[in-house]
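Trainee: Mind folding the following:
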Amino acid sequence: MQTRPDWHTSGFLDRVLTLDLPDFAQEFLLLNQDYVRGYRTLARYKDADEAARQRNLHIFARQWGLRFPC
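Mentor: The predicted structure is shown next:
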């Protein structure tokens, strides 16, 4: 598993401050292990029926304050 840099990694903060808001938010969330675990769990539901997938996506999005494009 690839190790993601943290806020203390040399140059990391300089790089993320050049990102637009959606990309910055994504980088911020990827530093949160609870988000990463939840995202991986959500990604496993790809074979579920569409209604279940949408329900799981909605629950995950609300938990993290996200909006996914349709």
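Trainee: Mind naming the longest helix for the chain?
Mentor: Looking across the chain with DSSP state H, the single longest helix is helix 50-64.
Trainee: That one packs against which elements?
Mentor: In terms of contacts (3 or more Cβ pairs under 8 Å, 6 or more residues apart in numbering; DSSP states H and E), helix 50-64 is packed against helix 33-43. Just so you know, the C-beta spots here come from the backbone N, C-alpha and C atoms, and that holds for glycine as well.
Trainee: can you count the residues close to Phe60?
Mentor: Each residue near Phe60 was counted by other Cβ atoms under 10 Å, and the total is 17.
Trainee: and what of Trp64?
Mentor: Trp64, neighbours per other Cβ under 10 Å, totals 13.
Trainee: Please name the nearest non-neighbouring residue to it.
Mentor: Tyr35 (6.1 Å; Cβ to Cβ, 6 or more residues apart in numbering).
Trainee: ok, that neighbour to His58 distance?
Mentor: Look at Tyr35 and His58: by Cβ to Cβ, to the nearest Å, they are 16 Å apart.
Trainee: who has more neighbours, these two?
Mentor: Neighbour comparison, Tyr35 and His58: the larger count goes to Tyr35, with 17 against 12 (by other Cβ under 10 Å).
Trainee: Would you mind confirming that the more buried one is in contact with Glu27?
Mentor: No - Tyr35 is not in contact with Glu27 according to Cβ atoms under 8 Å; the separation is 11.3 Å.
Trainee: Extract the CA atoms of the longest helix of the chain and return them as CSV.
Mentor: Provided in CSV are the C-alpha atoms of helix 50-64 (Å, rounded to 0.1, in the frame of the first residue of the first chain):
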residue,chain,number,x,y,z
GLU,A,50,-28.3,0.6,-8.3
ALA,A,51,-30.7,1.6,-5.5
ALA,A,52,-28.4,0.1,-2.9
ARG,A,53,-25.4,1.8,-4.4
GLN,A,54,-27.1,5.2,-4.5
ARG,A,55,-28.2,4.8,-0.8
ASN,A,56,-24.7,3.9,0.3
LEU,A,57,-23.3,6.8,-1.7
HIS,A,58,-25.7,9.2,-0.2
ILE,A,59,-24.9,8.0,3.4
PHE,A,60,-21.2,8.3,2.8
ALA,A,61,-21.5,11.7,1.2
ARG,A,62,-23.6,13.1,4.1
GLN,A,63,-21.2,11.8,6.6
TRP,A,64,-18.3,13.7,5.0
